[in-house]
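Peer 1: Pasting the sequence and the predicted model now:
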Amino acid sequence: MAPRAATGRNLHARVIDEIGESIVGGALRAGDALPGESELAEHMEVSRTILREALKVLASKGLIETRQKIGMRVRDSRFWNHLDADILAWRCASMPTDDFVDKLVEMRGIIEPAAAMTAARRRDAGQLAAIGEALAGMEAAMDLDSWAEADLRFHEAVLAATNNELLSSLFSVIETALGTYFVMSARTAKNFRYSLPYHREVYEAIRRRRPNEAAAAMQAMIDDSKGNMRRGRRKAS
């Protein structure tokens with residue numbers, strides 16, 4: 001955990017990021033002891049007050065715990081809040097493992113086909129237009145970054161069209177992980193726009209209010225993406 005300059009950054013957030021990244025990225029492992037407050041504050045060039053507040057946040061995410069006579073230690077990953085936006089971001093920043101990617105695909109398979117089905121039943125004209133605009137952005141994308149941005153908007157718009165605030169709020173939690181996955185999937189394909197036909201099918205099924213077709217099209221998209229990722233792994237090995 002090498003200290004970084006605090007230029008333009010909130011010291012409190014910097015401490016959270018540095019320690020959090022070290023834990024999630026594996027530099028600090030379950031059971032590892034953190035230095036005492038005085039030593040850690042000096043190392044990170046912050047006050048003990050700022051350090052304590054940052055440690056409280058990390059503890060609330062399940063990453064560390066403090067015990068009498070033992071001090072601060074890293075907790076096992078089973079105690080982490082894996083849907084915490086920061087933890088997801090740190091996992092993605094440290095190159096997602098195959099296991100993490102597989103679990104993300106599994107979560108998509110549980111949530112997104114059902115969301116597409118619900119969107120086909122409940123969407124209004126404005127929500128359909130938002131899905132269509134995102135699709136148009138994907139069709140117009142000339143590079144991977146613009147493609148991934150439009151792809152995220154598409155999936156966000158589908159969740160919003162369910163008119164279920166719990167589902168639509170879920171996007172803000174998994175946005176970083178999904179964005180990383182979309183970029184990884186597109187990079188392993190010969191053409192980053194390879195999944196465009198599947199997105200068109202989802203849009204058309206939602207537009208025509210055909211729930212079963214929307215769910216099937218979304219599942220086909222996920223299955224194809226999963227297969228593409230696996231082929232990419234085999235080539236890399």
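Peer 2: Everything's here; your move.
Peer 1: can you give me the helices in the protein?
Peer 2: Applying DSSP state H to the chain gives helices spanning 11-24, 37-44, 48-60, 85-93, 98-122, 125-140, 144-160, 165-188, 196-207, 211-236.
Peer 1: Check the spacing between the residue nearest in space to the middle of the chain and residue 30 real quick.
Peer 2: With distances taken as Cα atoms, centre = their mean, the residue of the chain nearest its centroid is residue 177 (1.7 Å). To residue 30, residue 177 is 22 Å away according to Cβ to Cβ, to the nearest Å. Just so you know, the C-beta spots here come from the backbone N, C-alpha and C atoms, and that holds for glycine as well.
Peer 1: what do you get for residue 75?
Peer 2: Relative to residue 30, residue 75 is positioned 7 Å away (Cβ to Cβ).
Peer 1: Neighbour count for the two, which is higher?
Peer 2: Taking other Cβ atoms under 10 Å, residue 75 and residue 30 do not tie; residue 75 has more neighbours (17 against 13).
Peer 1: confidence score at the more buried one?
Peer 2: Per-residue confidence (pLDDT) for residue 75: 96.
Peer 1: ditto for residue 68
Peer 2: With respect to pLDDT, residue 68 scores 79.
Peer 1: again, but for the one 4 residues further on
Peer 2: With respect to pLDDT, residue 72 scores 92.
Peer 1: so where's the protein uncertain?
Peer 2: The chain contains residues with pLDDT under 70 at 1-9, 95-96, 187-190, 231-237.
Peer 1: any idea how it splits into domains?
Peer 2: Listed domain ranges for the chain are 8-79, 96-236 (source: the TED database).
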